[in-house]
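Undergrad: Need the 3D shape of this:
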Amino acid sequence: MVDEELSSALRDLPGRALSVPVEERQALFRNVSAVLRNPGSWLYEL
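TA: Residues are numbered from 1 along each chain as shown. Okay, here's the model as predicted:
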């Protein structure tokens, strides 16, 4: 599950960062940061 979340968050990150409007870039990086900060946090919710 964590691998899927991380893969999804990082998939084509450079391309997306360049193609999304500037206003949306912050949310894009927040999403990646949240996954990196909490790897495996889903385990505690089971």
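
Undergrad: any weak-confidence spans in the protein?
TA: 1-2, 38-46 (pLDDT under 70).

Undergrad: In it, which helix is the longest?
TA: helix 22-37 (DSSP state H).

Undergrad: What lies in contact with that helix?
TA: Residues from elsewhere that reach helix 22-37 (Cβ atoms under 8 Å, 6 or more residues apart in numbering): 5-6, 9-10, 13, 16-17, 20. C-beta coordinates here come from the backbone N, C-alpha and C atoms, glycine included.

Undergrad: Can you list the buried residues in that helix?
TA: 32, 35 (16 or more other Cβ atoms under 10 Å).

Undergrad: Send me stretch 14-31 as PDB with only the CA atoms.
TA: C-alpha atoms of stretch 14-31 as PDB (Å, rounded to 0.1, in the frame of the first residue of the first chain):
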ATOM      1  CA  PRO A  14       8.800  16.800 -12.800                       C
ATOM      2  CA  GLY A  15       6.500  16.700 -15.700                       C
ATOM      3  CA  ARG A  16       3.400  17.500 -13.600                       C
ATOM      4  CA  ALA A  17       5.200  20.200 -11.700                       C
ATOM      5  CA  LEU A  18       6.000  22.000 -15.000                       C
ATOM      6  CA  SER A  19       2.600  21.400 -16.600                       C
ATOM      7  CA  VAL A  20       0.200  22.400 -13.800                       C
ATOM      8  CA  PRO A  21      -0.600  26.000 -13.100                       C
ATOM      9  CA  VAL A  22       1.600  27.700 -10.500                       C
ATOM     10  CA  GLU A  23      -1.300  27.900  -8.100                       C
ATOM     11  CA  GLU A  24      -1.600  24.000  -8.100                       C
ATOM     12  CA  ARG A  25       2.100  23.300  -7.600                       C
ATOM     13  CA  GLN A  26       2.000  23.800  -3.900                       C
ATOM     14  CA  ALA A  27      -0.800  21.200  -3.500                       C
ATOM     15  CA  LEU A  28       1.200  18.800  -5.700                       C
ATOM     16  CA  PHE A  29       4.300  19.100  -3.500                       C
ATOM     17  CA  ARG A  30       2.200  18.900  -0.300                       C
ATOM     18  CA  ASN A  31       0.800  15.600  -1.500                       C
END
